[in-house]
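Chemist: Got a predicted structure plus its sequence, pasted below:
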Amino acid sequence: MKTDQITTLDELKRKVQQFCEERDWDQFHNPKDLAIGVSTEANELLDIFRFKTEQQTRDILLNPNKRKHVEEELADTLFFILRFAQMNDIDLNDILENKLKKNNEKYPVEKSKGNNEKYTEFE
């Protein structure tokens, strides 16, 4: 069984919190710097795929060493997202549920299924 099926977001946030508190990093983790961390790490993930064809991007994920690099950058991004939420008392499940509800209204299935246009481009 994969642990995603049994680990809660709260458990992940607590792991990140403990890691940071053991290192006395709360002083460095204000909203601005955590947002910068999210962006920086997400861009490092993006950089792995920059200028690659679709097949090359698939090959990256099939190569164990390259996949590990992708996983590390994804983990770094998740770390900063979890830390931002933990430090600012944001319930990730609630905000995702609210965003999905909003996007469901913007992107009704009958207009968006199989369509990659932004909702403002729907006719």
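Modeler: Sure thing, it's come through. Numbers count the residues shown, from 1 in each chain.
Chemist: following the longest helix anywhere in the chain, which helix or strand comes up?
Modeler: Secondary structure of the chain read by DSSP state H shows that its longest helix is helix 64-87. Using DSSP states H and E, the helix or strand that follows helix 64-87 in sequence is helix 92-106.
Chemist: Which strands or helices does that next one pack on?
Modeler: Counting by 3 or more C-beta pairs under 8 Å, 6 or more residues apart in numbering; DSSP states H and E, the packing neighbours recorded for helix 92-106 are helix 9-22, helix 64-87. For glycine as for every other residue, the C-beta is placed from the backbone atoms N, C-alpha and C.
Chemist: The residue sitting nearest the centre point of the chain - nearest residue in space that isn't next to it in sequence?
Modeler: By C-alpha atoms, centre = their mean, the chain has its centre lying nearest to L78, at 5.1 Å. Nearest residue to L78 in three dimensions, chain neighbours excluded: L12, at 7.8 Å (C-beta to C-beta, 6 or more residues apart in numbering).
Chemist: so the one you found makes contact with R83?
Modeler: No - using C-beta atoms under 8 Å, L12 is not in contact with R83; the gap is 10.1 Å.
Chemist: Of those two, which one has the most company?
Modeler: Between L12 and R83, counted using other C-beta atoms under 10 Å, the more crowded position is R83 (21 against 18).
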